[in-house]
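Asks: Below are the sequence and a predicted model for it; my questions follow.
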Amino acid sequence: MKGPIYFKQLEIGPMQNYVYLLGDPTTHEAAVVDAAWDVDTIVRTAEEDGYRVTKDLVTHFHPDHLGGDLMGHSIRGAAELIAKVPAKVYIHKAELPFVHRLTGLSASDVVPVEGGDEVAIGNLKVKFVHTPGHTPGSQCFLVGNALVSGDTLFIGSCGRVDLPGSNPEDMYRSLTRCWGPCRTRRSSIRGTTTPTVRAPPSATRSAPT
Ligand SMILES: [Zn+2]
């Protein structure tokens, strides 16, 4: 998209997650990336800036990005968002079994997507890039020349590949296949500041933690 984009970064929750608001300044429609922890603050921030949230773009199913049950602790997230505003939850189709297990979201709340799909937020186009590795359905969002990378890519490292569902070989393929062509793009925007574990391409999966 040529022209201005509404873009705001919010650091929310005890795990140093970054939540993003992306919007079209012409139509004042916005999407939230990874609504979690403090949904009230996310919606209020958008509204105070003059935007209405119509979509939750989810990078992957982990509850600190989606909401839901995390080791017995309930984290507010997508379910609370759509109870508050008329939004749909966009997540890669490979994450669906986890989505329904961890959250109270129904099939009609969710729009399953795959790599290459696009969604419009007003006049703003967001392209979904499937980058498995951290989870099977991890995805990044390409907005103009900027990439919102979730837990796939951090500054100086990639996301963890030692969690249940992670796969280091998939992560290596995602990073080399996608980031090669993307390398000339201007910026990558991480999803969380949580410390990450580097894994060589040949690393095998370690025990779940
Ligand atoms: Zn994660």
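Replies: Noted; the coordinates are in hand.
Asks: Buried residues, stretch 73-92. List them.
Replies: 75-82, 85, 87-92 (16 or more other Cβ atoms under 10 Å). All C-beta spots, glycine's among them, are computed from the backbone N, C-alpha and C.
Asks: And the closest residue to residue 102 other than its chain neighbours, how far from residue 147?
Replies: Counting by Cβ to Cβ, 6 or more residues apart in numbering, residue 102 lies nearest to residue 68, which is 3.5 Å off, once chain neighbours are set aside. Separation of residue 68 from residue 147 (Cβ to Cβ, to the nearest Å) stands at 25 Å.
Asks: give me the element the spatially most central residue of the chain is part of.
Replies: The residue lying closest to the centre of the chain (Cα atoms, centre = their mean) is residue 59, at 2.3 Å. Here residue 59, judged by DSSP states H and E, is contained in no helix and no strand.
Asks: Next, find the distance separating the nearest residue to it once chain neighbours are set aside from residue 44.
Replies: Nearest residue to residue 59 in three dimensions, chain neighbours excluded: residue 150, at 2.7 Å (Cβ to Cβ, 6+ apart). Remark: distance between residue 150 and residue 44 (Cβ to Cβ) = 23 Å.
Asks: of the two, who's got more company?
Replies: With neighbours defined as other Cβ atoms under 10 Å, residue 150 and residue 44 compare such that residue 150 has more, 29 against 12.
Asks: so of the buried residues of stretch 73-92, which ones are in strands?
Replies: 75, 88-92 (DSSP state E).
Asks: ok, which of these also contact the ion?
Replies: Among these, not one lies near the ion by Cβ under 5 Å from the ion.
Asks: how about the residues you listed in a markdown table, adding distance to residue 52 and pLDDT?
Replies: Output for these, formatted as a markdown table (distance: Cβ to Cβ, whole Å; pLDDT from 0 to 100):
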| residue | distance to residue 52 | pLDDT |
| --- | --- | --- |
| 75 | 24 | 96 |
| 88 | 13 | 98 |
| 89 | 16 | 98 |
| 90 | 16 | 98 |
| 91 | 21 | 98 |
| 92 | 25 | 98 |
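Asks: Out of those, flag the one nearest to residue 20.
Replies: Nearest to residue 20 among these, counting by Cβ to Cβ, is residue 90 at 13.5 Å.
Asks: Does the closest one touch residue 57 like I think?
Replies: Yes - between residue 90 and residue 57 there is a contact under Cβ atoms under 8 Å: 5.0 Å.
Asks: from the ones in strands among the buried residues of stretch 73-92, which is closest to residue 170?
Replies: After measuring those against residue 170 - Cβ to Cβ - the closest member comes out as residue 92, at 12.7 Å.
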